[in-house]
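>>> sequence isn't available, so here's the structure alone:
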Ligand code: PNS
């Protein structure tokens, strides 16, 4: 029987429980998922490439269904190089849809060889985004329960422990 692969791409700056939710649910459909971290981004990430890789590795260490990899350049070129034609992405809200629809449509224009599978984020994670996590942590709020413990520790090491919102 052939092995079903998917690529789960993103910036993961930082990894959130929303990402983990999508990945776990993706693994109910795919045998292996390659988490492809976009590195050398034009925008400067909060966490350096190496740190973002470490956060993913720490989370999925020991799960041989999950491969952590990095890519630069176009996602469709990476997918072609890896010979994996399916991209997995999470959809949280209508606002995500526009962005995802644009990217998927552009990628389809670039190549017809890659298709997307979108999964809806679980209802307890639908408002969690890396952008909000960075903003809350940077302003002294608690991100407990929204990111893995080791990611929380990295955020607090960067910004200090929370002064509001519990934690
Ligand atoms: O987690 P993000 O920031 O929403 O992920 C976006 C990402 C990295 C998947 C997207 O920006 C991407 O695929 N970047 C690689 C460059 C590329 O292919 N750009 C054209 C997309 S239409």
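Received, thanks. As the structure is a prediction and not an experimental result, all values here were calculated from the model.

>>> contacting residues around residue 8?
The contact partners of residue 8, taken as Cβ atoms under 8 Å, 6 or more residues apart in numbering, are 19, 22, 23, 26, 33, 34, 35, 36, 87, 88, 89. Every C-beta, even on glycine, is put in place using the N, C-alpha and C of the backbone.

>>> rerun at 7 Å
23, 26, 33, 34, 35, 36, 88 (Cβ atoms under 7 Å, 6 or more residues apart in numbering).

>>> where does it sit: helix, strand or coil?
Remark: residue 8 carries the secondary structure label strand [criterion: DSSP: H, G, I helix; E, B strand; the rest coil].

>>> measure it to residue 86 for me?
The span separating residue 8 from residue 86 equals 10 Å under the rule Cβ to Cβ, to the nearest Å.

>>> wait, isn't residue 52 in contact with residue 35?
No - counting by Cβ atoms under 7 Å, residue 52 sits too far from residue 35 to count as a contact (10.3 Å).

>>> circling back to that earlier point, quick check, nearest of the contacts of residue 8 to residue 143?
Taking Cβ to Cβ as the measure, residue 143 sits nearest to residue 23 out of these, at 18.8 Å.
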